[in-house]
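**Q** Generate a structure from the sequence data that follows.
(2 chains)
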There are 2 protein chains.
Amino acid sequence: MDFTGPFEVLSRVPGSHFHVVWKDMAPITDIKGLRLLPDTTLEACPQLDVLIVPGGFGQEELMDDDAVISFLRKQAAGSRFVFSVCTGALLCGAAGLLNGVKATTHWSAFHLLPYFGAVPVDRRVVVDGKIVSAAGVTSGIEGALQLAAMLCGDTVAQVIQLSVQYAPEPPFSSGTPATAPSEVFDSARELASLITARRLETAKRFAAKLADLKIDRG
Amino acid sequence: MDFTGPFEVLSRVPGSHFHVVWKDMAPITDIKGLRLLPDTTLEACPQLDVLIVPGGFGQEELMDDDAVISFLRKQAAGSRFVFSVCTGALLCGAAGLLNGVKATTHWSAFHLLPYFGAVPVDRRVVVDGKIVSAAGVTSGIEGALQLAAMLCGDTVAQVIQLSVQYAPEPPFSSGTPATAPSEVFDSARELASLITARRLETAKRFAAKLADLKIDRG
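**A** Numbers count the residues shown, from 1 in each chain, chains lettered A, B, ... in the order given. Reported below is the predicted structural model:
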């Protein structure tokens, strides 16, 4: 939903066109087995107005993927907005897009943002210049609605919100670490613990690179 | 998101497996061009515990599709839960699953529920026996969380809610016809007017069939 939530919202922006981008045209399989088809490649993709960078369990293995990271850097330079959802923010960090930028990400990765030079802001959606970041998974819906408003005005965004009937009533109040019962938080943290440990190692590596760069530049 | 919202939530239920079902294995293209790959066919699909029936603009042309409707009827008979999202409820209605059943659907189709014998309940999620129905698009997230709780208990559902960070803060209060500004409501209703008119004709046809059935049965 990091990707399909924003797709649902932003594909309703009048006149918008979408590309689903990958290295080749083979199906992309998510961690739970859902298969999406890309419609263009990293090389063939035209310059995008809005670059959406979803996260998820697959984000970690893309952190050192030169083809993906240089695509992000190149697209970001020419786009109106870069929109990271969930741990997509870490990919933006790896591409050097968050240095000095206010940003958010999934709560389990929030403490990693400073390693990429980002200024963590604990909100569901953070807008800093052209960089829009949303917190975990479902917050991409709200980030996309805010983007729709910035692109086309509040009325268009409100029409989209009504069309997707976004008047949420969560059945529990466990959507954040602060509001979830402690045993719920412990379980959710435990479920993410392996990937969180890997993400920390990677973040430290990037922080060292960033420091080297700063030293090189004097 | 009628489908991918519930997928995001329910694929996190421990031990769950998913099937994406269609007539053949070719990609399924949504109205905005997003392409998903099915992994089984209507004929080969095993009995499901939870049958998810998403809606959307493509629902209308499936209302008289015997292969799809009889699949729904057969699966529903053996499932623990039938879960309609958005105008998926109309497909359940076409399959005869809503007769005398409390249900909801997207606000633009809510007035059509009685034509299928359903009892409309204006809530975001309605549970009546094994039939769970969610209102428009995004309400599938909440329906799925409630289903997760019914399947595995509140704690599991709360852990999922935290994992997907579902603590919504919509940027506007225009998520329902009652709260949206009137010009926003007019625009959204206008956008749906063609499909709503077609849905009404179809609903009337089904109501006539339902009346014939009742007369036949005396």
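**Q** Tell me, how many residues neighbour residue A:182?
**A** Residues near residue A:182, counting by other Cβ atoms under 10 Å in any protein chain shown, number 8. Where C-beta positions appear, they are placed from N, C-alpha and C, glycine not excepted.
**Q** now residue A:163: how far from chain B?
**A** As judged by Cβ to the nearest Cβ, to the nearest Å, residue A:163 and chain B stand 5 Å apart.
**Q** What distance do you get for that residue to residue A:181?
**A** 34 Å (Cβ to Cβ, to the nearest Å).
**Q** Same question for residue A:67.
**A** Here residue A:67 is placed at a distance of 43 Å from residue A:181 (Cβ to Cβ).
**Q** For chain A, which residues score under the pLDDT cut-off?
**A** Where chain A drops to pLDDT under 70, the residues are A:217-218.
**Q** what are the ranges of the helices in it?
**A** Under the criterion DSSP state H, chain A contains helices at A:4-10, A:66-78, A:88-94, A:139-152, A:154-163, A:182-191, A:193-216.
**Q** from those, which stretch is densest packed?
**A** helix A:88-94 (a mean of 28; mean count of other Cβ atoms under 10 Å in any protein chain shown).
**Q** do it and chain B meet?
**A** No: using Cβ under 8 Å from any Cβ of the partner chain, helix A:88-94 never reaches chain B; the gap is at least 12.8 Å.
**Q** From the chain's centre, how far out is that helix? Work that out for me.
**A** Centre-to-centre, helix A:88-94 and its host chain are 7 Å apart (Cα atoms, centre = their mean, to the nearest Å).
**Q** Show me what it is packed against.
**A** Under the contact definition 3 or more Cβ pairs under 8 Å, 6 or more residues apart in numbering or on different chains; DSSP states H and E, helix A:88-94 sits against strand A:50-53, helix A:66-78, strand A:81-85, strand A:131-134, helix A:193-216.
**Q** If we use 6 Å, what do you get?
**A** strand A:50-53 (3 or more Cβ pairs under 6 Å, 6 or more residues apart in numbering or on different chains; DSSP states H and E).
**Q** Quickly check: the strand it packs on near chain B or not.
**A** No: Strand A:50-53 is not in contact with chain B by Cβ under 6 Å from any Cβ of the partner chain; minimum separation 12.6 Å.
**Q** check contacts around the nearest residue to residue A:162 once chain neighbours are set aside.
**A** In space, and not counting its chain neighbours, residue A:162 is closest to residue B:188: 4.3 Å by Cβ to Cβ, 6 or more residues apart in numbering or on different chains. By Cβ atoms under 6 Å, 6 or more residues apart in numbering or on different chains, the contact set of residue B:188 is A:159, A:162-163.
**Q** So which residues on chain A come close to chain B?
**A** Counting by Cβ under 6 Å from any Cβ, chain A comes close to chain B at A:1, A:4, A:7-8, A:11, A:27, A:32, A:34-35, A:37, A:124, A:135-139, A:142, A:145-146, A:158-159, A:161-172, A:174-176, A:180, A:184, A:187-188.
**Q** Residue A:20 contacts residue A:38, correct?
**A** Yes: Residue A:20 is within contact range of residue A:38, at 4.6 Å (criterion: Cβ atoms under 6 Å).
**Q** follow-up on the earlier one: could the contacts of residue B:188 go into TSV alongside distance to residue B:208?
**A** Listed next are these as TSV, based on distance: Cβ to Cβ, whole Å:
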residue	distance to residue B:208
A:159	34
A:162	32
A:163	30
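**Q** which one is residue A:30 nearest to, not counting chain neighbours?
**A** That would be residue A:56: by Cβ to Cβ, 6+ apart, it lies 6.9 Å from residue A:30.
**Q** ok, the one you found - how many residues close by?
**A** Residue A:56, neighbours per other Cβ under 10 Å, totals 20.
**Q** cool, the one 5 residues further on as well?
**A** A count of neighbours around residue A:61, defined by other Cβ under 10 Å, yields 11.
**Q** who touches residue A:115 in this structure?
**A** When contacts are counted by Cβ under 6 Å, 6+ apart, residue A:115 touches A:203, A:206-207.
**Q** Swap in 10 Å and give it another go.
**A** Contact analysis of residue A:115 by Cβ atoms under 10 Å, 6 or more residues apart in numbering or on different chains lists A:90, A:93, A:98, A:199-200, A:202-208, A:210.
**Q** Same question for residue A:152.
**A** Residue A:152 makes contact with A:13-16, A:159-160, according to Cβ under 10 Å, 6+ apart.
**Q** wait, which of the residues you listed is closest to chain B?
**A** Nearest to chain B among the contacts of residue A:152: residue A:159, at 4.7 Å, using Cβ to the nearest Cβ.
**Q** so the closest one makes contact with residue B:175?
**A** No: counting by Cβ atoms under 10 Å, residue B:175 is not a contact partner of residue A:159; they are 11.3 Å apart.
**Q** hang on, the earlier thing: can the contacts of residue A:152 go into CSV with extra columns for distance to residue B:110?
**A** Shown next, in CSV, are the contacts of residue A:152 (distance: Cβ to Cβ, whole Å):
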residue, distance to residue B:110
A:13, 26
A:14, 25
A:15, 29
A:16, 28
A:159, 18
A:160, 19
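**Q** pretty sure residue A:156 contacts residue A:146?
**A** No: judged on Cβ under 10 Å, residue A:156 makes no contact with residue A:146 at a distance of 12.0 Å.
**Q** For chain B, see how far away residue A:118 is.
**A** Residue A:118 is 18 Å from chain B, where distance means Cβ to the nearest Cβ.
**Q** The closest residue to that residue other than its chain neighbours: how many residues sit nearby?
**A** Nearest residue to residue A:118, sequence neighbours excluded (Cβ to Cβ, 6+ apart): residue A:98, at 3.8 Å. Applying other Cβ under 10 Å, we find 28 other residues in the vicinity of residue A:98.
**Q** I'd assumed residue A:130 was in contact with residue A:98.
**A** No: using Cβ under 10 Å, residue A:98 is not in contact with residue A:130, being 11.9 Å away.
**Q** Between these two, which contacts overlap?
**A** residue A:82.
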